[in-house]
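Novice: model the following, please.
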Amino acid sequence: MAEDPVFERATRFLSALRHCQVLGLKLHSASRDGLTVILPYSPRIVGNPLSGIIHGGALTSLMDTACGMSTLCVLPQFEVCPTLDLRIDYMHAAEPHKDVYGFAQCYRVTPDVIFSRGFAYQDDPEHPIAHVVGTFMRLGQHARGIKTGGPQAAVDKP
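Specialist: From the prediction side, this is the model:
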C-alpha cells in the first residue's frame, strides 16, 4: 500500500530542516486536516536545569515548524511559505521529562497568505501548553504576480 502523500511530503520537508534535526523533531501524523509534530524531551532543550522545564524557544520552534508545515496539508504542490507572523499564548509550562506534541492546521488560504492555528500539548490535547496562530507568505507558483514560463503572470483572483 502506498504511503499517504501528505505524510510523505511532510516527512521529507521535516528531514531537510537542520534546526528540526538538532531538536529531534519527528512527524507523528499528517493529513489534509492538519499535522502533529513531536518534540522529544532532551536535556539539551531544557531552559531551567533546576526544574527540567523545556525552554520556550524550543516550544516556539516546534509550533512555528508545525504551523509552517501545515501548509503542506492544503497546497496541491510544495511552495516556499516563510513565516510572516506567529503568536503563541503559553498556558502553562511543559512537564519535565515528557515529549511535547504540536498540532497545526490551516484555516484559510489566499493567493498571498496562508493562515494557520494550533496548540502544543503533552498527554492530553484538551489540556494545551500553548495556543498558536500564524501567517505564512506564499512564494510558490500560485503566488500573485509570479510568472510561470509564459508571457502571462499567474495571478489568483482574491
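
Novice: which helix runs longest in this protein?
Specialist: Longest helix of the chain, by residue count under DSSP state H: helix 56-69.

Novice: helices along this structure, start to end?
Specialist: Under DSSP H, the chain gives helices at 5-16, 18-23, 56-69, 71-74.

Novice: list the helices and strands the second one packs on?
Specialist: In this structure, helix 18-23 packs against helix 56-69, with contacts taken as 3 or more CB pairs under 8 Å, 6 or more residues apart in numbering; DSSP states H and E. From N, CA and C alone the C-beta is placed, and that goes for glycine too.

Novice: mean confidence for the helix it packs on?
Specialist: What helix 56-69 shows for mean pLDDT is 96.

Novice: redo the helices of the chain as TSV? Include mean neighbour count and distance to residue 121.
Specialist: Formatted as TSV, the helices of the chain follow (neighbours: other CB atoms under 10 Å; distance: least, CB to CB, whole Å):
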stretch	mean neighbour count	distance to residue 121
helix 5-16	16	19
helix 18-23	13	17
helix 56-69	22	11
helix 71-74	21	19
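
Novice: what would those helices look like in TSV with distance to residue 34?
Specialist: Formatted as TSV, the helices of the chain follow (distance: least, CB to CB, whole Å):
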stretch	distance to residue 34
helix 5-16	10
helix 18-23	18
helix 56-69	9
helix 71-74	6
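
Novice: what is the least confident helix or strand in the chain?
Specialist: strand 153-154 (a mean of 33; mean pLDDT, DSSP states H and E).

Novice: below-threshold pLDDT in this protein: ranges please.
Specialist: Applying pLDDT under 70 to the chain flags the ranges 1-3, 141-158.

Novice: do you know how far the spatially most central residue of it is from residue 43?
Specialist: Nearest to the mean C-alpha position of the chain, counting by CA atoms, centre = their mean, stands residue 66 at 1.7 Å. Per CB to CB, to the nearest Å, residue 66 is found 23 Å from residue 43.
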